[in-house]
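Chemist: Attaching a predicted model along with its sequence, questions to come.
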Amino acid sequence: DTGVSQDPRHKITKRGQNVTFRCDPISEHNRLYWYRQTLGQGPEFLTYFQNEAQLEKSRLLSDRFSAERPKGSFSTLEIQRTEQGDSAMYLCASSLRLAGGISYEQYFGPGTRLTVT
Amino acid sequence: AQTVTQSQPEMSVQEAETVTLSCTYDTSESNYYLFWYKQPPSRQMILVIRQEAYKQQNATENRFSVNFQKAAKSFSLKISDSQLGDTAMYFCAFMKPVHNQAGTALIFGKGTTLSVSS
């Protein structure tokens, strides 16, 4: 168990470019979450998956954002036509939901820090 | 919609002393979960302690304990015998279990930066 990993750790891009981030959850975890954290603020929920199904999306997830988890393992978050307001830390978390149970603890990755210039 | 408020942006404490971080929340739900997460500088977020709303007994994890006041919608974290390694940003978070979905997104407060000095 190596924990949740995210790649890249840092990304600098110019406004208008597309970027893609990857998250690898803990191997047996069936739930995967994406959050965004700006400086001095708490994380804000973007979206989450149960296996490959995207179950919920926040209103923060505009049309320029898309997330996938094609085989129920790793996930990608793509931002198209980046804007300066997209500069933030993008956090991924995973958890294990047992049948009929509650998935309490979310295990967080180190995050991808995006800077849009 | 649920909201979580942490009214103390920064706190400081000396080693071995006790400190209490405040958190209030607003919800119309009766069943929910509350958490305290710790985010050390440049390191990933980890869970410190959790509390189920249906449990009256306050949760305790070693030096960390909570004071859960459901009627007042208050959920404070007490750190006893503070250590240098407790220096971090602490986030209070709320989760509402949804039928058939059994746990959804966390709603976080803005955090409290705790500095422990020797």
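Modeler: All right, it came through fine.
Chemist: quick one, phi psi at the closest residue to chain A within chain B?
Modeler: Across chain B, the shortest distance to chain A (CB to the nearest CB) belongs to B:F108, at 3.2 Å. In short, each C-beta sits where N, CA and C put it, glycine included. With angles defined as degrees, to the nearest 10, B:F108 sits at phi -100, psi 150.
Chemist: need the contact list for it.
Modeler: Residues near B:F108 by CB atoms under 8 Å, 6 or more residues apart in numbering or on different chains: A:42-44, B:4, B:37, B:91-93.
Chemist: Also A:E83?
Modeler: Applying CB under 8 Å, 6+ apart, the residues near A:E83 are A:15, A:64, A:116.
Chemist: By neighbours, which of the residues you listed wins?
Modeler: If you count neighbours using other CB atoms under 10 Å in any protein chain shown, the busiest of the contacts of A:E83 is A:V116, which has 19 neighbours.
Chemist: Among the contacts of B:F108, which lie within strands?
Modeler: The strands, defined by DSSP state E, take in A:44, B:4, B:37, B:91-93 from the contacts of B:F108.
Chemist: right, and A:L55 touches A:F49 too?
Modeler: Yes: in this structure A:L55 lies within contact range of A:F49 using CB atoms under 8 Å: 6.6 Å.
Chemist: which one of the two has more residues nearby?
Modeler: Each of A:L55 and A:F49 has its neighbours counted (other CB under 10 Å); A:F49 has more, 21 against 15.
Chemist: And that one, what's its pLDDT?
Modeler: Per-residue confidence (pLDDT) for A:F49: 92.
Chemist: Now tell me what touches the strand or helix carrying it from outside.
Modeler: Assessed by DSSP states H and E, A:F49 sits inside strand A:44-50. For strand A:44-50, contacts defined as CB under 8 Å, 6+ apart pick out A:30-37, A:54-58, A:60-61, A:65, A:67, A:69, A:72, A:75, A:77, A:97, B:101, B:104-108.
Chemist: Would you write a PyMOL line that selects the buried entries of those residues?
Modeler: Filtering those down to the buried ones (16 or more other CB atoms under 10 Å in any protein chain shown) takes a single PyMOL command:
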select buried, (chain A and resi 30+31+32+33+34+35+36+37+54+56+58+61+65+67+69+75+77+97) or (chain B and resi 101+104+105+106+107+108)
